[in-house]
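Chemist: fold the following and give me the result.
(chains A and B)
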Number of protein chains: 2
Amino acid sequence: MVGSMTVSVNSTPPVDLYANGTVHHAELLPASDDDHGGIIVDMKEPMDPDIFHARLRASLSLWGQQGKKGIWIKLPIAMVNLVETAVKKGFQYHHAEPNYLMLVYWIPDTPSTIPANASHRVCVGAIVLNDKREVLVVQEKSGIFQGKGVWKIPTGVVDEGEEIFMAAVREVKEETAIDTEFLEILAFRQWHKSFFEKSDLVFLCMLRPLSFDIQKQELEIEAAQWMPFEEYAAQPVAQNHELFTYIIDLCLAKVDRDYIGFSPQPLRPTLNDQISYLYSNARDLNQSSSADRQ
Amino acid sequence: MVGSMTVSVNSTPPVDLYANGTVHHAELLPASDDDHGGIIVDMKEPMDPDIFHARLRASLSLWGQQGKKGIWIKLPIAMVNLVETAVKKGFQYHHAEPNYLMLVYWIPDTPSTIPANASHRVCVGAIVLNDKREVLVVQEKSGIFQGKGVWKIPTGVVDEGEEIFMAAVREVKEETAIDTEFLEILAFRQWHKSFFEKSDLVFLCMLRPLSFDIQKQELEIEAAQWMPFEEYAAQPVAQNHELFTYIIDLCLAKVDRDYIGFSPQPLRPTLNDQISYLYSNARDLNQSSSADRQ
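Modeler: The predicted structure is shown next:
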């Protein structure tokens, strides 16, 4: 993205805003091209709404002539005074974070190919089982089980940019101070409309404890303990909540049989030096041929 | 949520807005309690910004006295004229959809436990292989491979509320008109910062074709065909893009060996009658004992 107040990527001159015979090169909004024939406006400096309106009008006119498609405006929350102007010019909301709002406008007559907003939170549930067949469980201070005496496995939300397996290890450490080694994702499910209109994608993970002294986190956790697996499975709540049933089934399949889930394998860094992981059935994938198994 | 303009869930009277000796029961904003000690304001009717400001101030004062925590305001885009007022009272953006903006304010002095916004889009890549070891491939009209002659598998974004396996079947049908049966998720990976600050969680799926006559979708697809698997794997792009390499490896593991991925199994409907699916290694999970395999 360019930092100046004119669009360095556009070769045609800005439009004449006043059309009164003299040439007024209306300033445009700070912007850059995206990879899909669109424009990203990146507002960094405060602007008077009237000036914003004039520049937005001039910019849209030019971009329309140029055949641009989706126009994005990222407004920091400090520029909340410009939101109404953008919406009155036809922009819709696309997404928002605590400190900014992203708006978008589709110029052409063709159907919009504006990509969807983020739709999911990614969550982890962590099964930590020790050698005595005890599972690490907590009681939470809020949420649906608050005050009901229900013992549940540690759960949490994967942070933006965080790997799933690292989030499972982190959540267990935060809630109970137990260090763990990640083993596998045993299963996952979607949970629609978990949070307003959004969905949760919940990964059920198996971890091996590396330490055993529990120190519960004060803010969110009421109690934490190692509980015999049979006692965990016998809680009345386990009869009514299908996820408890599946946690129990998957746990037994993993411990007593040789259930294989998905485990993370590092991929080569991509162009932007991002290290990422492929989650797959590593045992099956690493077999050299079917002869090994049959 | 309540529909009236007063908070039916609050038992204490509204505060005296003017404090001039006479009692003015300032009207509050339409709101209901949430499950976490907070309040959800649901604005359905247009409101003058000055009236909104007075009611917001009165409401926040009362909610503060009541020990409420997170205060949510959902503003339809038609009420964009109220956004600036809310932000100036200390509200932050939480998330946005095309037609509304959700703002939030944390009242207590304790650390905020406001839940994270949605962070991910869920995407599918669909490997459709026929009995002649031909894979269904497309060339896209936009995106990073536009105009480069790269043949790729159909991909797409899972709609809000849609199941992953249904999205894979739908995307193949939309792009190529081919009907398919879903088999398995072979693997998945995260792709951070794929779209502004958000991540994609990409599920690589295996499907069996049920029809064979391709009719490409005109808007997004440049070309589509059945391509011999070896030809697909031999494309120069496959040497440089690790995901191509893994698609090829997983595909061979599935077809030539007995690689087992995750498959969806329906769960009992939940309290809100939602049918959902658990994705797991169904072969291992459904084994009655380890004796079956050893």
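
Chemist: for the closest residue to chain B within the stretch 101-250 of chain A, give me its contacts.
Modeler: Per CB to the nearest CB, A:Ala187 is where the stretch 101-250 of chain A lies closest to chain B, at 3.7 Å. C-beta coordinates here come from the backbone N, C-alpha and C atoms, glycine included. Residues in contact with A:Ala187 (CB atoms under 8 Å, 6 or more residues apart in numbering or on different chains) are A:203-204, A:246, A:250, A:261, B:262, B:278-281, B:285.

Chemist: and the longest strand along chain A, which residues are buried?
Modeler: The longest strand of chain A (DSSP state E) is strand A:180-195. Using 16 or more other CB atoms under 10 Å in any protein chain shown as the test for burial, strand A:180-195 gives A:180, A:182-192, A:194-195.

Chemist: in these, find the pair that's most separated.
Modeler: Among these, the pair separated by the greatest distance (CB to CB) is A:Thr180 and A:His192, at 29.5 Å.

Chemist: report all helices and strands that the helix or strand bottoming out on mean pLDDT in chain A contacts.
Modeler: The helix or strand of chain A with the lowest confidence, counting by mean pLDDT, DSSP states H and E, is helix A:236-240 at a mean of 82. The contact analysis (3 or more CB pairs under 8 Å, 6 or more residues apart in numbering or on different chains; DSSP states H and E) places helix A:236-240 against helix A:242-256.

Chemist: show me what the least confident helix or strand of chain A is in contact with.
Modeler: Residues contacting helix A:236-240 (CB under 8 Å, 6+ apart): A:145, A:148, A:150, A:232, A:244-245, A:248.

Chemist: that one: how far from the chain's middle?
Modeler: Centroid displacement of helix A:236-240 relative to its chain, using CA atoms, centre = their mean, to the nearest Å, is 30 Å.

Chemist: now it - C-alpha only, CSV.
Modeler: Provided in CSV are the C-alpha atoms of helix A:236-240 (Å, rounded to 0.1, in the frame of the first residue of the first chain):
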residue,chain,number,x,y,z
PRO,A,236,-24.6,-37.0,35.0
VAL,A,237,-23.8,-34.3,32.5
ALA,A,238,-22.0,-36.9,30.3
GLN,A,239,-25.3,-38.6,29.7
ASN,A,240,-27.0,-35.5,28.3
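
Chemist: buried stuff in that helix?
Modeler: Quick answer for helix A:236-240 (16+ other CB under 10 Å): A:Ala238.

Chemist: so, low pLDDT: which residues of the stretch 51-200 of chain A?
Modeler: Within the stretch 51-200 of chain A, no range satisfies pLDDT under 70.

Chemist: can you show me the strands along it?
Modeler: A:70-76, A:92-97, A:100-106, A:120-128, A:134-140, A:155-157, A:180-195, A:198-209 (DSSP state E, counting those that start in this stretch).

Chemist: deepest-packed of those, please.
Modeler: A comparison of the strands of the stretch 51-200 of chain A by mean neighbour count, using mean count of other CB atoms under 10 Å in any protein chain shown, puts strand A:120-128 on top with a mean of 24.

Chemist: alongside chain B, which residues does the stretch 1-150 of chain A contribute?
Modeler: Counting by CB under 8 Å from any CB of the partner chain, the stretch 1-150 of chain A comes close to chain B at A:35-37, A:77, A:80-81, A:83-84, A:87-88, A:92-102, A:110-111, A:113, A:115-122, A:142-144.

Chemist: run the last query once more with 7 Å
Modeler: Residues of the stretch 1-150 of chain A that fall close to chain B, judged by CB under 7 Å from any CB of the partner chain: A:35-36, A:77, A:80-81, A:83-84, A:87, A:92-98, A:101-102, A:111, A:115-122, A:142, A:144.

Chemist: chain A - how does it break down into domains?
Modeler: Partitioning chain A according to automatic domain parsing yields domains covering residues A:15-106, A:120-263.

Chemist: may I see those domains organised as a markdown table, with distance to B:Pro266 added?
Modeler: Shown next, in a markdown table, are the domains of chain A (distance: least, CB to CB, whole Å):
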| stretch | distance to B:Pro266 |
| --- | --- |
| domain A:15-106 | 32 |
| domain A:120-263 | 11 |
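
Chemist: and of those, who's closest to B:Ser199?
Modeler: domain A:120-263 (6.8 Å).

Chemist: how long is the closest one from one end to the other?
Modeler: 21 Å (CA to CA, to the nearest Å).

Chemist: same check, this time on stretch A:158-168
Modeler: 8 Å.

Chemist: residues in contact with it?
Modeler: A:122-124, A:126, A:156, A:182, A:203, A:205, A:207, A:264, A:277, B:119, B:190, B:192, B:197, B:199 (CB atoms under 7 Å, 6 or more residues apart in numbering or on different chains).

Chemist: go again using 8 Å as the cut-off
Modeler: A:121-124, A:126, A:156-157, A:170, A:180, A:182, A:185, A:203, A:205, A:207, A:264, A:276-277, A:279, B:116, B:119, B:190, B:192-193, B:197-199.

Chemist: which parts of that stretch are buried?
Modeler: Those would be A:158, A:160, A:162-165, A:167-168, for stretch A:158-168 by 16+ other CB under 10 Å.

Chemist: now A:Ile130. Nearest residue, chain neighbours left out?
Modeler: Check again: residue A:130 is Asn, not Ile. Using CB to CB, 6 or more residues apart in numbering or on different chains and skipping the chain neighbours, the partner closest in space to A:Asn130 is A:Pro209 (5.2 Å).

Chemist: got a pLDDT number for the one you found?
Modeler: Turning to A:Pro209, the model gives it a pLDDT of 98.

Chemist: what do you get for the one 10 residues further on?
Modeler: Note for A:Leu219: predicted pLDDT of 83.

Chemist: list the contacts of A:Val104.
Modeler: Here A:Val104 is in contact with A:70-73, A:91-92, A:94, A:114 (CB under 8 Å, 6+ apart).

Chemist: for those residues, give me a markdown table that also has distance to A:Asp213.
Modeler: Compiled in a markdown table, those are given as follows (distance: CB to CB, whole Å):
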| residue | distance to A:Asp213 |
| --- | --- |
| A:Gly70 | 54 |
| A:Ile71 | 56 |
| A:Trp72 | 50 |
| A:Ile73 | 52 |
| A:Phe91 | 54 |
| A:Gln92 | 52 |
| A:His94 | 47 |
| A:Ile114 | 51 |
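
Chemist: ok, these vs B:Val138, which is closest?
Modeler: A:Ile114 (20.7 Å).

Chemist: quick one on the thing from earlier: surely the residue nearest to A:Asn130 and A:Ala177 touch.
Modeler: No: the criterion here is CB atoms under 8 Å, and A:Pro209 misses it with A:Ala177 at 11.1 Å.

Chemist: list the residues that contact the nearest residue to A:Val80 once chain neighbours are set aside.
Modeler: Ranked by CB to CB, 6+ apart and with sequence neighbours excluded, the top spatial neighbour of A:Val80 is B:Val87, at 4.4 Å. Applying CB under 8 Å, 6+ apart, one finds that B:Val87 lies in contact with A:77, A:80, B:103.
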